[in-house]
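Novice: sharing a model prediction with you, sequence too.
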Amino acid sequence: SVQTERERLRPLCLAFGTLKVNHITVDMVRSYMSNRNDAGVSNKTINLELGVLRSVLKRAKLWHLFTDEIKPLPVRTQIGRAMTLDEKLRLAKTAAMKPEWQNARLAMVLALNTTMRACEIKALRWYDVDFLSGTVTIHKSKTQAGQRLIPLNEDAKSAVRELYSRASAIGGTHPDHYIFPACENGRFDPTTPQKSWRSAWRSLRKAAGIAALRFHDLRHHAITELAESQASDATIMAIAGHVSRQ
């Protein structure tokens, strides 16, 4: 929550950081929302930023001046989807075409074969991987139920071996090192996790002809394949880290 709110505060501080809170007006907030929208920021992100601003104004006992005037922007609910077999094969074939897509490709393989979320993949360290038993342990997740032991199939093992080979080349195989290390100007820092592979993922999915596919949909696809393989609800919940059958 702290990390998320720090990210939401960056644009807020640029817009309001020099003002006292009692100098912020409804028109200023409306202008902020309009400017963020014109910059291509999604309604959901703008609403999250407004949530932080609302908390600040509530703390100052000023939100009652805004509550009737400032309403959340409409957000389209995105329902998870699974890919067709053709889409999955096309995505895998396209991902192997460019070296700059390596991180996105390897993260994609892990998501498709383990049900891991993007945040779980980024947080992986080498001590989480047990090469002897062929498993990976998720210690930190979105929910308590997300802490789990996941078996690795052959595709996932192959991706992990490729990641380990790369880590060996940059001296990043210490148990505390991140599997997906940060990289700035071509220099890897295995003590810091990679923040995002968003740009690579966008260009990859566009090249594969499925531009609307979210990275999180890979998790939905993996869970769908588990269900289609006749795995029990308990098994799916254990691997995916779901709290309930719903």
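Specialist: That came through fine.

Novice: only C-alpha atoms from now on, for both contacts and neighbour counts.
Specialist: Will do.

Novice: after whichever strand in the chain runs longest comes which helix or strand?
Specialist: Across the chain, the longest stretch assigned as strand under DSSP state E is strand 187-193. Downstream of strand 187-193, the first helix or strand assigned by DSSP states H and E is helix 198-207.

Novice: check which element follows that next one along the chain.
Specialist: Helices and strands here follow DSSP H and E; after helix 198-207, the next one along the chain is helix 216-228.

Novice: three-state assignment of Cys183?
Specialist: strand (DSSP: H, G, I helix; E, B strand; the rest coil).

Novice: what's around it, how many residues?
Specialist: 14 (other Cα atoms under 10 Å).

Novice: mind listing the residues bridging to it?
Specialist: Phe188 (DSSP bridges).

Novice: relative to His216, how far out is it?
Specialist: Distance from Cys183 to His216, counting by Cα to Cα, to the nearest Å: 23 Å.

Novice: kindly report the same for Phe66.
Specialist: The gap separating Phe66 from His216 is 35 Å, by Cα to Cα.

Novice: repeat that for Ala15.
Specialist: Taking Cα to Cα, one finds Ala15 at 31 Å from His216.

Novice: these two: which is more packed in?
Specialist: His216 (17 against 14).

Novice: quick one: pLDDT of Lys142?
Specialist: With respect to pLDDT, Lys142 has a value of 71.

Novice: pretty sure it sits in a strand.
Specialist: No - judged by three-state DSSP, Lys142 forms no part of a strand; its state is coil.

Novice: roughly how far does it sit from Gly241?
Specialist: Taking Cα to Cα, one finds Lys142 at 9 Å from Gly241.

Novice: and the two? Which one has more around it.
Specialist: Neighbour count, other Cα under 10 Å: between Lys142 and Gly241, Gly241 has more, with 22 against 11.

Novice: pass me the low-pLDDT residue ranges in the chain, would you?
Specialist: By pLDDT under 70, the low-scoring segments of the chain are 78, 143-145.

Novice: what are the ranges of the strands in the chain?
Specialist: Under DSSP E, the chain gives strands at 129-130, 135-138, 148-151, 181-184, 187-193.

Novice: got the contact list for Arg105?
Specialist: 92, 95-96 (Cα atoms under 8 Å, 6 or more residues apart in numbering).

Novice: was I right about Ser141 contacting Lys122?
Specialist: No - counting by Cα atoms under 8 Å, Ser141 does not reach Lys122; the two are 11.0 Å apart.

Novice: which one's more surrounded, these two?
Specialist: The neighbour count for Ser141 versus Lys122, taken as other Cα under 10 Å, is higher for Lys122 (21 against 17).

Novice: quick check: that one touching His177?
Specialist: No - judged on Cα under 8 Å, Lys122 makes no contact with His177 at a distance of 11.5 Å.
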